[in-house]
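Novice: Below is the sequence, then the predicted model.
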Amino acid sequence: MIISDIKGKIWLNGTFCDWKDANIHVLSHTLHYGTGVFEGVRAYKTDKGTCIFRLQDHTERLFQSASLIGMDIPYSKDELMDVQKASVKENQLENAYIRPICFYGNEGMGLRADNLRVHVAIASWDWGPYLGAEKITNGIKVKISQFPKREPEAMLYKAKATGNYLNSMLALTDALKCGFDEALILGADDSVNEGSGENFFLVKNNKLITPDLITVLDGITRKTVIDLAKDLEIHTEERKIKTQEVFDCDEAFFTGTAAEVTPIIQVDNQHISNGEPGPITRKLQSSYFDLIHGKSSKYNNWLSLV
């Protein structure tokens, strides 16, 4: 799929335009300096109709990210939540991936951004499982990345900012070239951070363990899975994870809006346990899919009807 060839409408700076016309100038500031913020949001078909999952949480994080890089979004949270719903409806989607992005334009050149306009765009399209339906069922192979490690003081890790993803892209490209599906990125102390665009969990002795929020994004799916684990009486521990613990674990998986809950069955050249998705991963994955498709009444407040 060539993303620019999709037929539909994109909301750009207050109005919907044809997909092919949602363009920016080659001298736009964010293209040169990585000064944008964005979100990945999903909508799912439910018995009540199409619902956006945790719309308010995603929108609040978009504004938090903007605040962290000193960007003032020229719309309110309520306005952008309404537009995300309208975008799904405008494109007549039952299931959708939604991408809000805020970026600086071409009103000037150079590093300074205080003289630039903040532009906002929201696109929605039908995008299936990020790593493929077969992989989300049977699991993926992951390569531990050797790209430069993450230092807490060297990155705005709490911001979902465009510039934060350069290292992730390089790590993923390397993993794909080596025959893997994803990368596992480490911190400067060689502790486990996250995937190229996902949070990481492992299971050991029926306990769920995930990296603490030192240099990883506070993922919304991550928080959802922790809540679901509590419902299933699975204890979750947030702490630093040594690399060797990954090889010794019973199960492992990634979480994210795009990746949802994706089992990891191999790290480098070693299988995790028996090389198949484990029972706790399966339980959490099943609970998550029930939730996002409106089959879990406890969390209906996380579903915003389009």
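Specialist: On my side now, so go ahead. Residues are numbered from 1 along each chain as shown.

Novice: going forward, measure contacts and count neighbours with C-alpha atoms only.
Specialist: Will do.

Novice: tell me which element Thr50 falls in.
Specialist: Using DSSP states H and E, Thr50 falls within strand 49-53.

Novice: List the buried residues for the helix or strand following that strand?
Specialist: Going down the chain from strand 49-53, the next helix or strand is helix 55-68, by DSSP H and E. Burial within helix 55-68, assessed by neighbour count using 16 or more other Cα atoms under 10 Å, is assigned to Leu55, Gln56, His58, Thr59, Arg61, Leu62, Phe63, Gln64, Ser65, Ala66.

Novice: Over to stretch 221-235?
Specialist: Under 16+ other Cα under 10 Å, the buried positions of stretch 221-235 are Thr221, Arg222, Thr224, Val225, Ile226, Leu228, Ala229, Ile234.

Novice: What average pLDDT does stretch 226-233 get?
Specialist: Averaged across stretch 226-233, pLDDT comes to 97.

Novice: who touches it?
Specialist: The contact list for stretch 226-233 (Cα atoms under 8 Å, 6 or more residues apart in numbering) reads His235, Thr236, Leu284, Ser287, Tyr288.

Novice: now, among the buried residues of helix 55-68, which is nearest to Ala159?
Specialist: Comparing the buried residues of helix 55-68 against Ala159 with Cα to Cα places Ser65 closest, at 4.2 Å.

Novice: Find the residue closest to that closest one in space, skipping its chain neighbours.
Specialist: Closest residue in space to Ser65, ignoring its immediate chain neighbours: Ala159 at 4.2 Å, by Cα to Cα, 6 or more residues apart in numbering.

Novice: before we move on, what about Asn95?
Specialist: In space, and not counting its chain neighbours, Asn95 is closest to Tyr44: 4.5 Å by Cα to Cα, 6+ apart.

Novice: How much space separates the one you found from Glu276?
Specialist: 27 Å (Cα to Cα, to the nearest Å).

Novice: Who has more neighbours out of these two?
Specialist: Legend: neighbour count by other Cα atoms under 10 Å for Tyr44 and Glu276, higher for Tyr44 (21 against 17).

Novice: would you say the more buried one is within a strand?
Specialist: Yes - judged by DSSP: H, G, I helix; E, B strand; the rest coil, Tyr44 forms part of a strand.

Novice: ok, back up a step: just the ones in helices from the buried residues of stretch 221-235, please.
Specialist: Cross-referencing the buried residues of stretch 221-235 against helices under DSSP state H gives Thr221, Arg222, Thr224, Val225, Ile226, Leu228, Ala229.

Novice: Could you grab the helix/strand/coil label for Ala183?
Specialist: Three-state assignment for Ala183 (three-state DSSP): strand.
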